[in-house]
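Participant: pasting the structure only:
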């Protein structure tokens, strides 16, 4: 028994050593294979990271250029532009200057916005001071003729609705590069009115912020180069602009072995370096490329991670020391690597969406469940302040009840609603958004909640308001009336909904200006506008027609009602004590629209009635 026992122990020891040795060999082989394959994993991870970043940068650049082109298109088709082209009198010119000024003011990257006529003469030009950012309306005697400039000749060769892009270059003042360096980019389009080429609209943009966004990366050093290998952006700013500055290396010096692959291919990936074209986004011959080179910190971190992973795999196999355990440990390791990469990518994209897209989710009753960081940045409300509440916390009192009713009817029917909403942020400021609301369903196709994705369009709405508002009185201007009158005529033709107009002006207003000065005269007009607003209905359209003349569109009102309303206003004005002036009066002409009448005839009848009120003693209302 003792001998057999010893033999059993011997074989037990041998098999123990065998399995232990087998486990060690398997562990070493597995560790070696894992370590070697990790280099391929690193290459693929770098490729995925670089591709994801360049796609984001390309989308940003595409949206930026599209917004600039949309701005130029909006100018070229704007009614103010067309009115100026048809008649460049002082009013039309000033209206177009105001539009150019408002657009330049709203976009801090615009250095210069110009209209150049077909002969090459600058007709309207707004400049931004490079140092103070103040805007300057360039006087006519300072404007130049650009007929001989290459860019002007190139733009004239475009077809309608095409855009011209300049190369990205440096701002030059008095023949020398301006320091500190200011990258610039120009976009232009033809101005075509009634199928006739009238000139061009061109905008000069400060491009430094755009380049900074394109170049920013936590993981990569970013280069931007042109088709000749000249460096526009270098991770070290002192290495940028090799085409313009002395003693700056170009791509042939920086990546001599890879330069041909980078410049000859739309997309290129070699030794961790990734390049992709940006040239298809620009309408020029620069053929830009963006190059991403991994930072040393990222490479070190990924290599350390893979070494650690290989060591842990070996240790696991040794401890388990059987083939089955090795197989079980390898499969989760590979799955974990794939899941980690996917999770990292999803987390990164989710962070971008969270920071730059205004998103909120609600239950089916409209109670907010979550919001994005962008929602907080735009509205001022934190998650703690809005979760568990409804979106009416943002609702503006001016928003019609019918609009919200239509919204809820649409989404409760399982459809997507999209439209513009006027809201208020936490500080009470107006906040215009364009919103998409999508219903969420369970497996039974029952609505469980809603997801809202919104875009801040406040600046766009403010610009639209500026274009139709009189700057002195805050009333609508003549341009707004020219939009509304045809709509009222169409409403009458379809529904027989009567409307009348009231034209009035201030009696002896010239005497007020001559006696008290134009500042007091302006205050009289401002106070008069206040009286009109206080006594008019919500449906009435009140505007400053010109000078001391005002025009009111009284919707749903026949001439007798308009006469009563005008006389009421006349009494209100007569009884009001105007600061510094005292009592003033107004004379009014009233006319009702009749079937088949053109706008000019309607206005003429009201204007003739006003003239009769003036000549028959003033401070009275006459029907036309």
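Facilitator: Thanks, I have it. Since the model is a prediction, treat every value here as computed from it, not as a measurement.

Participant: just for the stretch 351-500 of the chain, where's the confidence low?
Facilitator: Applying pLDDT under 70 to the stretch 351-500 of the chain flags the ranges 461-467.

Participant: Helices of that one, residue ranges please.
Facilitator: Per DSSP state H, counting those that start in this stretch, the stretch 351-500 of the chain carries helices over the ranges 373-379, 383-386, 401-412, 458-467, 478-495.

Participant: how about those, which one is nearest residue 254?
Facilitator: Evaluated over these, closeness to residue 254 peaks at helix 373-379, with 37.1 Å, by Cβ to Cβ. Yep, even glycine has a C-beta here, placed from its N, CA and C like the rest.

Participant: for that closest one, packing partners?
Facilitator: helix 323-356, strand 358-363, strand 430-441 (3 or more Cβ pairs under 8 Å, 6 or more residues apart in numbering; DSSP states H and E).

Participant: buried sites along that helix?
Facilitator: For helix 373-379, the neighbour count (16 or more other Cβ atoms under 10 Å) marks 373-376, 378-379 as buried.

Participant: Check stretch 390-406 too.
Facilitator: 391, 394, 399.

Participant: List just the nearest of these to residue 168.
Facilitator: residue 394 (39.9 Å).

Participant: Show the pLDDT at the closest residue to residue 277 other than its chain neighbours.
Facilitator: Nearest in space to residue 277, with sequence neighbours left out and distances taken as Cβ to Cβ, 6 or more residues apart in numbering, is residue 266 at 4.8 Å. Predicted confidence (pLDDT) for residue 266: 94.

Participant: Need phi/psi at residue 266.
Facilitator: phi -60, psi -40 (degrees, to the nearest 10).

Participant: Pull the number of nearby residues for it.
Facilitator: 11 (other Cβ atoms under 10 Å).

Participant: before we move on, what about residue 432?
Facilitator: Neighbour number of residue 432 under other Cβ under 10 Å is 19.

Participant: for it, what are its contacts?
Facilitator: For residue 432, the contacting residues are 420-423, 456-458, 460-461, by Cβ atoms under 8 Å, 6 or more residues apart in numbering.

Participant: Greatest separation within those: which pair is it?
Facilitator: 423 and 460 (14.5 Å).

Participant: More neighbours: which of those two?
Facilitator: residue 423 (22 against 15).

Participant: For that one, give me its contacts.
Facilitator: Per Cβ under 8 Å, 6+ apart, neighbours of residue 423: 379, 394-396, 399, 430-433.

Participant: and those residues as JSON lines, adding distance to residue 560?
Facilitator: Shown next, in JSON lines, are these (distance: Cβ to Cβ, whole Å):
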{"residue": "379", "distance to residue 560": "48"}
{"residue": "394", "distance to residue 560": "43"}
{"residue": "395", "distance to residue 560": "39"}
{"residue": "396", "distance to residue 560": "36"}
{"residue": "399", "distance to residue 560": "34"}
{"residue": "430", "distance to residue 560": "38"}
{"residue": "431", "distance to residue 560": "43"}
{"residue": "432", "distance to residue 560": "39"}
{"residue": "433", "distance to residue 560": "43"}
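
Participant: could you pull out the strands for the stretch 101-250 of the chain?
Facilitator: For the stretch 101-250 of the chain, the strands defined by DSSP state E, counting those that start in this stretch occupy 110-117, 122-128, 135-137, 163-165, 169-170, 172-173, 176-177, 183-193, 196-206, 220-225, 231-233.

Participant: In terms of pLDDT, where does the residue positioned nearest the centre of the chain sit?
Facilitator: With distances taken as Cα atoms, centre = their mean, residue 67 lies nearest the centre of the chain, 6.7 Å away. According to the prediction, residue 67 has pLDDT 95.

Participant: can you pull the contacts of residue 290?
Facilitator: Here residue 290 is in contact with 54, 57, 214, 222-224, 275-278 (Cβ under 8 Å, 6+ apart).

Participant: Please read the previous query as pertaining to residue 202.
Facilitator: Here residue 202 is in contact with 113-114, 116, 151, 155, 186-188 (Cβ under 8 Å, 6+ apart).

Participant: Now with 7 Å, please.
Facilitator: 114, 116, 186, 188 (Cβ atoms under 7 Å, 6 or more residues apart in numbering).

Participant: What pLDDT is listed against residue 540?
Facilitator: On the pLDDT scale, residue 540 gets 89.

Participant: how's this protein carved up into domains?
Facilitator: Described in terms of automatic domain parsing, the domain architecture of the chain consists of the residue ranges 2-69+297-353, 78-209, 220-294, 357-461, 468-623.

Participant: Lowest average confidence across the ones you listed, which one?
Facilitator: Across the domains of the chain, domain 2-69+297-353 gives the lowest mean pLDDT, at a mean of 68.

Participant: follow-up on the earlier one: the residue nearest to the centre of the chain - that's part of a helix, no?
Facilitator: Yes. The assignment for residue 67 is a helix, going by DSSP: H, G, I helix; E, B strand; the rest coil.

Participant: ok, now how distant is it from residue 191?
Facilitator: 19 Å (Cβ to Cβ, to the nearest Å).

Participant: Okay, helices next: where are they in the stretch 151-300 of the chain?
Facilitator: Counting by DSSP H, counting those that start in this stretch, the helices of the stretch 151-300 of the chain are 208-215, 251-254, 259-264, 296-320.

Participant: Of the ones you listed, which is nearest residue 83?
Facilitator: With Cβ to Cβ as the yardstick, what comes closest out of those is helix 208-215 (33.4 Å).

Participant: Mind giving me the packing neighbours of the closest one?
Facilitator: The contact analysis (3 or more Cβ pairs under 7 Å, 6 or more residues apart in numbering; DSSP states H and E) places helix 208-215 against helix 2-77, strand 220-225.

Participant: Touching the last one from outside, list them.
Facilitator: When you say that, I think you mean strand 220-225. By Cβ under 7 Å, 6+ apart, strand 220-225 touches 50, 53, 211, 214-215, 231-235, 251, 288-295.

Participant: which of the residues you listed count as buried?
Facilitator: 50, 53, 211, 214-215, 231-234, 251, 288-294.

Participant: sec struct for residue 84, please.
Facilitator: helix.

Participant: Can you get me a residue count around it?
Facilitator: Counted with other Cβ under 10 Å, residue 84 comes out at 24.

Participant: How much space separates it from residue 543?
Facilitator: Distance of residue 84 to residue 543, given as Cβ to Cβ: 20 Å.

Participant: How about residue 224?
Facilitator: 50 Å.

Participant: More neighbours: these two, which one.
Facilitator: More crowded of residue 224 and residue 543, by other Cβ under 10 Å: residue 543, with 25 against 19.

Participant: Make sure that one is indeed in a strand.
Facilitator: Yes. Assessed by three-state DSSP, residue 543 belongs to a strand.

Participant: Any idea what it is bridged to?
Facilitator: Per DSSP bridges, the residues bridged to residue 543 are residue 476, residue 551.

Participant: And the helices of the stretch 351-500 of the chain: which comes nearest residue 583?
Facilitator: helix 478-495 (28.3 Å).

Participant: and that closest one, how far from the chain's centre?
Facilitator: Put simply, helix 478-495 sits 31 Å off its chain's centre (Cα atoms, centre = their mean, to the nearest Å).

Participant: Please give the number of neighbouring residues around the closest residue to residue 406 other than its chain neighbours.
Facilitator: Excluding its sequence neighbours, the residue lying closest to residue 406 (Cβ to Cβ, 6+ apart) is residue 417, at 7.8 Å. Neighbourhood size, residue 417 [other Cβ under 10 Å]: 19.

Participant: repeat for residue 579
Facilitator: For residue 579, the count of nearby residues is 10 (other Cβ under 10 Å).

Participant: Show the contacting residues for it.
Facilitator: Per Cβ under 7 Å, 6+ apart, neighbours of residue 579: residue 523.

Participant: That's all I had, so thanks and see you.
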